[in-house]
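Enquirer: Compute the structure for the input listed below.
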Amino acid sequence: MAKCQINSSITKSCDYNLSGIARLYLTNFNEKSTYTTDADGYITDITLEATDKYFKFDFNNETAFFQDDLVVSNGNKYRQITVQAVISNNDIDMLSQVTPLDLGKFTVVLVDKAGKCNLVGRINGIEATANNYNSGSAVGDAQGWTVTMVGVEPEVHTLLIDETVVSSLV
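Expert: The predicted structure is shown next:
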């Protein structure tokens, strides 16, 4: 029960707070991946299977977000993770990734615009629930693939100590 008791104060930091995701790294979910944490709970190292790696995804500016929601259902509590990004590529490389994005299961690191690195899908992975292409209808319209991935986790998202933990695995 000690895990369920508040044990520290929560204070607001005195710095700028920039919203949004700056970079997104995605890997195929693998239960054999391991995560090393420091005494504060930050992930300091990720070990993937020899053939696994993270892939960096570029997306339209100000179109990516993630959400970590508490869900209460039938007396149970869990976290529902949602990741969404608009990828503007409509070339042969992107088209070759549509089916793997549609059918795969992933672990994702999202680097927010304040530099915090958020890891989601660590325990159960997240999967696409939507992947739609929109060409836009007028000059200047938003266009691209809107990919939405959702997963259920038994824990809140975790933080990496810094981006080098994942950027070294690309």
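Enquirer: so where's the longest helix in the chain?
Expert: For the chain, the longest helix by residue count, based on DSSP state H, is helix 92-103.
Enquirer: partners of the helix or strand that it is followed by, with directions?
Expert: Downstream of helix 92-103, the first helix or strand assigned by DSSP states H and E is strand 105-112. Next to strand 105-112 in the sheet, as set by DSSP bridges, lie strand 21-28 (antiparallel), strand 117-120 (antiparallel), strand 126-134 (antiparallel).
Enquirer: that older thread, got the buried residues for the longest helix of the chain?
Expert: Gln97, Leu101 (16 or more other Cβ atoms under 10 Å). Any C-beta I mention is one placed from the backbone N, CA and C, and that applies to glycine too.
Enquirer: What lies in contact with it?
Expert: Ile87, Ala128, Asn131, Trp145, Val147 (Cβ atoms under 8 Å, 6 or more residues apart in numbering).
Enquirer: chain center to stretch 79-91: distance?
Expert: Its chain's C-alpha centre and that of stretch 79-91 lie 9 Å apart, by Cα atoms, centre = their mean, to the nearest Å.
Enquirer: what does stretch 43-63 give?
Expert: Offset of stretch 43-63 from its chain centre (Cα atoms, centre = their mean): 9 Å.
Enquirer: In the protein, which residue is most central in space?
Expert: Val108 (3.7 Å; Cα atoms, centre = their mean).
Enquirer: so what's that residue bridging to?
Expert: Going by DSSP bridges, Val108 forms beta bridges with Leu26, Val120.
Enquirer: tell me the contacts of it?
Expert: Leu24, Tyr25, Leu26, Thr27, Phe66, Val83, Leu119, Val120, Gly121, Ile126, Met149.
Enquirer: What's the local residue count around the nearest residue to Thr36 once chain neighbours are set aside?
Expert: Nearest non-adjacent residue to Thr36, counting by Cβ to Cβ, 6 or more residues apart in numbering: Asp45, 4.0 Å away. A total of 14 residues lie near Asp45 under the criterion other Cβ atoms under 10 Å.
Enquirer: The strand or helix carrying Asp45 to strand 105-112, inter-axis angle?
Expert: Counting by DSSP H and E, the element that carries Asp45 is strand 43-47. Counting by axes from the mean of the first three to the mean of the last three Cα atoms, to 10 degrees, strand 43-47 lies at 150 degrees to strand 105-112.
Enquirer: Can you give me the neighbour number for Met149?
Expert: 25.
Enquirer: Please tell me the pLDDT value assigned to it.
Expert: pLDDT, Met149: 98.
Enquirer: same thing with the one 5 residues further on?
Expert: Model confidence at Pro154, given as pLDDT, is 96.
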